[in-house]
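fold the following.
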Amino acid sequence: METFLQQIINGLVLGSMYALVALGYTMVYGIINLINFAHGEVLMVGALVSWTVVTALADSGLPGWALMAIALLCAVVVCAGLNFAIERIAYRPLRNAPRLAPLITAMGMSLLLQTLAMIVWKPNPKPFPQLLPAQAIDLGGPVITVTQILILVTTGVILVSLLWLVNHTKLGRAMRATAENPRVAGLMGVKPDSVISATFIIGAALAAVAGLMWASNYGTVQHSMGFMPGLKAFTAAVLGGIGNLGGAMLGGVLLGLIEAIGAGYLGELTGGILGSHYADIFAFVALILVLTLRPSGLLGERVADRA
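Numbers count the residues shown, from 1 in each chain. Have a look, this model is predicted:
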């Protein structure tokens, strides 16, 4: 039972990070029906920028939480600028092109960002400093770290804030109008190009937060670290119902739980043939089952939430 509860905690933490990236996927898809496969690399850039800032300020004497806040601010600014440039340069000229063209462009942009990151930060993995207390908190058997608590709380706050933004602000109304019909929204005074750019910037900020969380939780960063989280986050968005904010959150948490519980019991289930490093099997099997039984995802796609 203790192992099960520990894996639940691990799964919630992992799922929270997937959910943040999945929210970026689902917002962009809800607006322009584009799967931004470079989104995982934005997470990677956020993590590497955070590492650069933390390393540069290591001897400043600042407390860990202050270093994390400064690193997060820098990562958000860099990732927002990067995603804004990606949308303007790579996606906007192809907005009316056949749907295969922007998809291939997104894949190419993913490879380009990985290559540029490898050139700038070198290919070797880098240890990410421990910024918060490493002492685990005992919950009567299972344990949780301060970093993991911060991840869970931050994700909850961000989701509530994002739902408020989409449903109760002028920008949110403009997002929903653009998602419904960009041309009609333009006639009503909405600027679709500005709304789309804002959506990419918000998605980049979420990816930057997830990148810092990922680096802090696992203690390492490198140029290829964004591929698998990005793929898993896309899986989470599809699992919950891409285009639906609540679905992205639900899909991320469920995927994290499935993966963590599967990793905890995979050896027993297979008689030791498969180890915990095969946990990805459960995530993608779950995706196949959902797409087979409910192609629209667990929560479907509600037009009112498409942003």
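
check contacts around the closest residue in space to Trp121 that isn't next to it in sequence.
Once flanking residues are discounted, Trp121 sits nearest to Leu48: 5.2 Å by CB to CB, 6 or more residues apart in numbering. All C-beta atoms are positioned from the backbone trio N, CA, C, and that covers glycine. Applying CB atoms under 8 Å, 6 or more residues apart in numbering to Leu48 gives the contacts 117, 120-121, 211, 221, 223.

surely Leu48 is in a helix?
Yes. Counting by DSSP: H, G, I helix; E, B strand; the rest coil, Leu48 is located in a helix.

against Met27, how distant is it?
Leu48 sits 23 Å away from Met27, going by CB to CB, to the nearest Å.

which among the contacts of Leu48 count as buried?
117, 121, 211, 221, 223 (16 or more other CB atoms under 10 Å).

now do the longest helix belonging to the chain: which elements does it pack against?
Longest helix in the chain, counting residues (DSSP state H): helix 2-32. If contacts are counted by 3 or more CB pairs under 8 Å, 6 or more residues apart in numbering; DSSP states H and E, helix 2-32 sits against helix 39-56, strand 143-144, helix 146-168, helix 170-180, helix 192-218, helix 227-240, helix 245-269.

which secondary structure elements does the shortest one contact?
Taking 3+ CB pairs under 8 Å, 6+ apart as the contact definition, the neighbouring helices and strands of strand 143-144 are helix 2-32.

what's the mean pLDDT across the helix it packs on?
Averaged across helix 2-32, the pLDDT comes to 88.

now the angle between helix 146-168 and it, please.
30 degrees (axes from the mean of the first three to the mean of the last three CA atoms, to 10 degrees).

so which elements touch the worst-scoring helix or strand of the chain on mean pLDDT?
Counting by mean pLDDT, DSSP states H and E, the weakest-scoring helix or strand in the chain turns out to be helix 280-293, with a mean of 79. Packing partners of helix 280-293 (3+ CB pairs under 8 Å, 6+ apart): helix 227-240, helix 245-269.

ok, residues contacting that helix?
Applying CB under 8 Å, 6+ apart, the set of residues contacting helix 280-293 from outside is 228, 232, 235, 238-239, 254-255, 258-259, 261-262, 266, 274, 297-298.

go ahead and build a ChimeraX selection from the buried members of those residues.
This is how ChimeraX selects the buried members of the contacts of helix 280-293, with burial counted by 16+ other CB under 10 Å:
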select :232,235,238,239,254,255,258,259,261,262,266,297,298
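
what about Asn217, how many neighbours?
If you count neighbours by other CB atoms under 10 Å, Asn217 ends up with 18.

contacting residues around it?
Residues in contact with Asn217 (CB under 8 Å, 6+ apart) are 13, 17, 147-148, 151.

do that again at 10 Å, thanks
Taking CB atoms under 10 Å, 6 or more residues apart in numbering, we find Asn217 in contact with 10, 13-14, 16-17, 128, 145, 147-148, 150-151.

who wins on neighbours among those residues?
Going by other CB under 10 Å, Leu14 tops the contacts of Asn217 with 28 neighbours.

please tell me how far that residue sits from Ala237.
15 Å.
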